[in-house]
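Trainee: sharing a model that was predicted from the sequence below.
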Amino acid sequence: MIPGEDGTPVPARIYRPQDVGAQPNGAGVIFVHGAGYLHNVHNWWSTYSREYMFHHLLAAKGYTVLDIDYRGSAGYGRDWRTAIYRHMGGWDLNDHVSGSMYLSANFGINPERIGIYGGSYGGFITLMALFNKAEYFGAGAALRSVTDWAHYNHGYTGRILNLPQDDTLSYRRSSPIFFAEGLNDPLLIAHGMIDTNVQFQDVVQLAQRLIELGKEGWEMAVYPVEDHGFVRPSSWTDEYRRILELFDRTIGPNGSKARP
C-alpha cells in the first residue's frame with residue numbers, strides 16, 4: 001500500500017532492483033493498467049504477461065517500478081469504483097501522483113527521473129500526468145490512448161461521464177487534448193492504425209494539436225497493421241524497445257535528466 005493524497009491506502013505492487021540482484025540506478029517507472037476497472041495488484045502472476053516481464057527487465061537494469069490499482073480499479077468496493085464519476089483523470093491520476101511522491105520519499109528518486117507508461121486507459125492517464133501533473137514525472141509513453149472521451153464508446157463513457165451533449169464539463173475536464181499545452185517532458189505516442197477500440201484519429205488529432213502548440217520532444221510510432229491489442233511479435237518488440245529507449249535516454253542513469 002502507498003498513502004493516497006486523501007490519506008486512503010492505495011494498493012500497489014513494487015519491483016525493486018535489489019530483489020533481482022541489481023543496484024538501483026536512481027530512476028523509477030510507474031505502470032498504469034488499462035480499462036480503468038481492472039485489478040492488477042495481487043499475490044499471483046500478473047495477467048499483463050508482457051508488462052510483467054518488462055518490469056523485471058527494468059528492475060534488472062536498476063529501475064524501481066510501481067504498479068498501482070488506482071481509484072476506479074475493480075475489487076475494492078463501490079466507493080473505489082465510483083471515485084472517478086464525472087472526472088476521469090481526477091482521483092485516478094492523483095493516485096499516480098501519490099506513487100511518484102512515494103518513490104521520492106522512500107527511494108530518494110527525483111520526480112524528474114520518474115517515468116510513466118501504459119496502454120488504453122493507461123495511455124490516457126499517462127497523457128493526463130504529463131499534461132497536468134508534469135512536476136511529478138520526467139517522461140512518458142502513451143500507448144493506444146484515448147485523447148478525447150467524446151469520441152469513445154458511449155456504453156463505456158456514458159456510465160462514468162454521462163453523455164457528451166448532457167455533461168460537457170465532465171468531458172472537457174477528462175479529455176487530454178484540452179490540456180496538451182502542459183506538455184514539457186519527452187513523450188512517446190504509439191498507436192495501431194486499424195484500432196477498432198480507441199480509434200487512430202484520437203492520436204492524429206493530438207499530434208496536430210502538439211504541432212500547433214509548437215511542442216518539442218515528442219514522437220509518434222504508428223503500427224499500420226495492428227488493432228487495439230497487437231498480434232504480431234514484431235510490433236510488440238518494436239513498441240517495448242521504444243519505451244525502454246525512451247526511459248534510458250531521458251530518466252535512466254545516463255539519460256538527459258540524470259545529468260547535472
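Mentor: Looks like it came in fine.

Trainee: what's the closest non-adjacent residue to H151?
Mentor: Leaving aside its sequence neighbours, H151 sits nearest to D202 (C-beta to C-beta, 6 or more residues apart in numbering; 5.9 Å). From N, CA and C alone the C-beta is placed, and that goes for glycine too.

Trainee: quick check, that neighbour in contact with A142.
Mentor: No: counting by C-beta atoms under 8 Å, A142 is not a contact partner of D202; they are 10.4 Å apart.

Trainee: where in this protein is pLDDT low?
Mentor: 46 (pLDDT under 70).

Trainee: hmm, try it at 90
Mentor: For the chain, the stretches flagged by pLDDT under 90 are 1, 5, 34-50, 52, 74-75, 80, 153-156, 259-260.

Trainee: so where do the helices sit in it?
Mentor: 49-60, 78-81, 91-107, 121-132, 154-161, 168-174, 201-212, 233-250 (DSSP state H).

Trainee: of those helices, which is nearest A27?
Mentor: helix 233-250 (7.2 Å; C-beta to C-beta).

Trainee: what's the angle from that closest one to helix 49-60?
Mentor: 30 degrees (axes from the mean of the first three to the mean of the last three C-alpha atoms, to 10 degrees).

Trainee: which residues does helix 233-250 contact?
Mentor: Residues outside helix 233-250 that contact it (C-beta atoms under 8 Å, 6 or more residues apart in numbering): 27, 29, 50, 54, 57-58, 61, 63, 115, 117, 138-139, 141, 143, 185-186, 188, 190, 192, 221, 223, 225-226, 230, 254-257.

Trainee: do the same with stretch 70-81
Mentor: Against stretch 70-81 from outside (C-beta under 8 Å, 6+ apart): 4, 10-11, 32-33, 36-40, 69, 83-84, 88, 91-96, 125.

Trainee: from those residues, which would you call buried?
Mentor: 4, 10-11, 32-33, 36-38, 40, 69, 83-84, 88, 91-96, 125 (16 or more other C-beta atoms under 10 Å).

Trainee: winner for burial among the helices of the chain?
Mentor: Most buried of the helices of the chain by mean neighbour count (mean count of other C-beta atoms under 10 Å) is helix 121-132; its value is a mean of 27.

Trainee: show me what contacts F178?
Mentor: R172.

Trainee: next: the one 4 residues further on.
Mentor: For G182, the contacting residues are L130, F131, N132, A134, taking C-beta under 8 Å, 6+ apart as the criterion.

Trainee: redo that, cut-off 7 Å
Mentor: Residues near G182 by C-beta atoms under 7 Å, 6 or more residues apart in numbering: F131, N132, A134.

Trainee: nearest to H151, of these?
Mentor: After measuring the contacts of G182 against H151 - C-beta to C-beta - the closest member comes out as F131, at 17.3 Å.
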